[in-house]
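Q: Sequence isn't available, so here's the structure alone:
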């Protein structure tokens, strides 16, 4: 797998490059800001672009804009946005044009190499990776109507993993159950929430996140 | 150059003031009575003299002196004549002339003639002398007339000499009395104003009095005096017009100045027309016209001019009403009424002269005219009296200053009745500056101007450049200066307090901005430094852990993993702190998104409604902190089932309301988060209120957005 790293902090760039090198992931190029990234992506054709959301010059959402631009310009590339702070709004903005090959993670996740690589792989293969913090915030958000009360605790765990972008197999792995059990949970949840049964993970992410947003008080 | 006086407030000058008013009025009254009495006495003295001359004429007729000599003597004595020729009479009395006359017949004829001429009562007097007859009646101006008749030796009438005696055989006629009364009142008012009105030496009143009293000259046997006596009283009209034209001291508008000039000119022409109409009377000018029609035309024209002048005065008065202060309305109305009555009477007189004498209308209209002449000084005196008594200008000044403290000049000009008054200000408490910022000192003043300094305690706070004559009305000047001093002081204090408030507001804002900047810097430093470094350390620890695992050093791997967990916790804690420091979402996505994010993190369900389009960033930030603090309090203390946030822009004011249904006992307490929040809201010129009770708590911030 080939990635391009964009982060204004040299510490992060170098540290991440070392981590990825250990895991035989090729770092094709690194950038400290958005300048020239699109051209490099076109030229080097990486599997994933890993980008910090806050970058020079204004330290606002330059990374987010770069991610959306690259996604529009370059088909099939995976994009993983890292952020020091998690805002559900940015996650929603990021998947607003589809969740396929898109990830939004808290930067701290790179200190859990297995989970990070898992997310990177999902994004690279056209799946999604939404930070558990975002999902838990969406699920935890108090709702007057109590729609989520219809779900069992287990189902709620499964719902969170669905929103994070895990496949049925991934869910089974995480919960240490067999895949069939996981699938049953998933279809039950989709039925209870009145969502269409869809096997494509990325569309499931979009559907679940949007549903959670729409049910907010 | 005058040395300026320091005017100080004196509160107890009112009794002195009242005494001075009474004193002046008493003095004026005495002067008026004395003047009229004196004039009547002089008139009567002259009367006696004239009667003596009359007797001498009679005795001459009786002693057999040739008639021609008598008549020459009479003509010399009288020094004037208007001859009615034989032809004048023969047209009307043809039959009688042919036959000659007896004395009785002559008297009958003369009776008829004088009646015909409108010369009133004919008194038969010369029964004992067929050659000389006299008629005494009241003439046109109320002056008795002697009419000697020359009769030829053959009994035919040679000529009639129609003349006007300079002496009345009785007290002056009512017309003269009215004129003298007016003169006396002019004198009285003039004297009363001597000590009171600073700006007005009573020149005009005295001039009017002099002109009126010149009527007395009619009783003199000197032709020069008689001429003046005929002409000068007409100048009282000029004086009257002048007095009526200045009921207030506001500068007249250009058109009014023009109209006033025409009025004064018209009035001023009347003495000339009077002079021109001196035909047939003993005078030094001579008979400019010798026909009755021309004579009447001149007098009719003269009256018409007076009528015109008075109409113009009334017009200016009516225009003045709109600009005059309420306290002056009465006197302006009085002027208008006097001028109108006078205009009507003069118009009537003019008609009377044009159409012929003797009508009752002419007489009564003239009486009205003369009465209103006498009213002019009365009105002026009344105005003087009420103005001094009530000081309406001062009350007006205080009211004006209260309603528009910045508009000093017009109010002061009204109060001092000095339109040219200049209000000076000072920046350094030493130099006085005019409106254009030029320094003004006593040396810069033209002769009739004077400078008064206005002080607050020992401090110079302003000045007035005004008519030097105002110095004499020290009470008024002191009062006005005191009022201006108060107004300037209030203005100054106002300005100072406002400036200090602005300063406090600005410094409060600076403190909060400095705090925000510091927080932002800390947040940025954490982000660029500690957070990144911790992440890097975490990654390296994880790499080390994996390497330890590969080497089978599981204990070390476990240790490294635990260290990584500590690093993650540290990152979580830093994030919690730094996120509160700087709401980046607010800058990046606006108030709506930032409030939404706050609601998301709230453990209590929050309904949000945010409409803040066009609100300045600083105020959005304040609103954000209100919501953040409000929701934090809801989470901490309220035990609420739900909360709501409502942000709306209404009439240029941002309303931020955070409410919950819990049982809070929230209040703004020193050192609390709410107090810090209040500082923030007040720094933006807003207000923060907390209403807390069993039914819930409502936190409301109202912030103006210009």
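A: That came in fine, so what should we check first? Model, not experiment: these values are computed from the prediction.
Q: Counting neighbours, what do you get for residue A:48?
A: Counted with other Cβ atoms under 10 Å in any protein chain shown, the neighbours of residue A:48 add up to 24. For the C-beta atoms, the positions are set from N, CA and C on the backbone; glycine is no exception.
Q: Over to the one 5 residues further on?
A: Neighbour count for residue A:53, taken as other Cβ under 10 Å: 27.
Q: mind checking how far it is from residue B:621?
A: 21 Å (Cβ to Cβ, to the nearest Å).
Q: ok, now residue B:306?
A: Residue B:306 is 80 Å from residue B:621, by Cβ to Cβ.
Q: more crowded one of those two?
A: With neighbours defined as other Cβ under 10 Å, residue B:306 and residue B:621 compare such that residue B:306 has more, 29 against 21.
Q: ok, that one - contacts?
A: Applying Cβ atoms under 8 Å, 6 or more residues apart in numbering or on different chains to residue B:306 gives the contacts B:237, B:266, B:267, B:270, B:342, B:343, B:346, B:369.
Q: same question, residue B:268
A: Remark: with contacts taken as Cβ under 8 Å, 6+ apart, residue B:268 is in contact with B:235, B:238.
Q: Helix, strand, or coil at it?
A: The three-state assignment at residue B:268 reads helix, by DSSP: H, G, I helix; E, B strand; the rest coil.
Q: which of the residues in the particular helix or strand that has residue B:690 in it are buried?
A: Per DSSP states H and E, residue B:690 falls inside strand B:687-693. Neighbour-count burial for strand B:687-693 flags B:688, B:690, B:692 (criterion: 16 or more other Cβ atoms under 10 Å in any protein chain shown).
Q: which secondary structure elements does that strand contact?
A: helix B:673-683, strand B:696-704 (3 or more Cβ pairs under 8 Å, 6 or more residues apart in numbering or on different chains; DSSP states H and E).
Q: what packs against the longest one?
A: It refers to helix B:673-683. Judged by 3+ Cβ pairs under 8 Å, 6+ apart, helix B:673-683 is in contact with helix B:474-526, helix B:617-633, strand B:687-693, strand B:696-704.
Q: any residue of whichever helix or strand comes after the first one up close to chain A?
A: Looking back up the chat, that one is helix B:474-526. Next in sequence after helix B:474-526, counting helices and strands by DSSP H and E, comes helix B:532-550. Yes: using Cβ under 8 Å from any Cβ of the partner chain, helix B:532-550 reaches chain A at B:532, B:533, B:535, B:536, B:538, B:539, B:540, B:541, B:542, B:543, B:546.
Q: what's near enough to touch the fifth one?
A: Contact analysis of residue B:538 by Cβ under 8 Å, 6+ apart lists A:108, A:110, A:111, B:564, B:567, B:568, B:571.
Q: Within range of chain B, give me the residues from chain A.
A: Counting by Cβ under 8 Å from any Cβ, chain A sits next to chain B at A:9, A:11-12, A:14-16, A:18-19, A:22, A:54, A:59-61, A:84-85, A:87-89, A:107-108, A:110-113, A:137, A:141-144, A:216-217.
Q: May I see the PyMOL selection of the buried members of these?
A: Selecting only the buried entries of the residues of chain A next to chain B in PyMOL, with 16+ other Cβ under 10 Å as the criterion:
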select buried, chain A and resi 9+11+12+14+15+16+19+54+59+60+61+84+85+87+88+89+107+108+110+111+112+113+137+141+142+216+217
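Q: rewinding a little: let me have the contacts of residue B:538 in TSV, adding secondary structure and pLDDT as columns.
A: Output for these, formatted as TSV (DSSP: H, G, I helix; E, B strand; the rest coil; pLDDT from 0 to 100):
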residue	secondary structure	pLDDT
A:108	helix	92
A:110	helix	93
A:111	helix	92
B:564	helix	95
B:567	helix	95
B:568	helix	94
B:571	helix	94
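Q: Packing partners of the helix or strand containing residue B:555?
A: Applying DSSP H and E as the criterion places residue B:555 in helix B:554-581. For helix B:554-581, the packing partners by 3+ Cβ pairs under 8 Å, 6+ apart come out as helix B:474-526, helix B:532-550.
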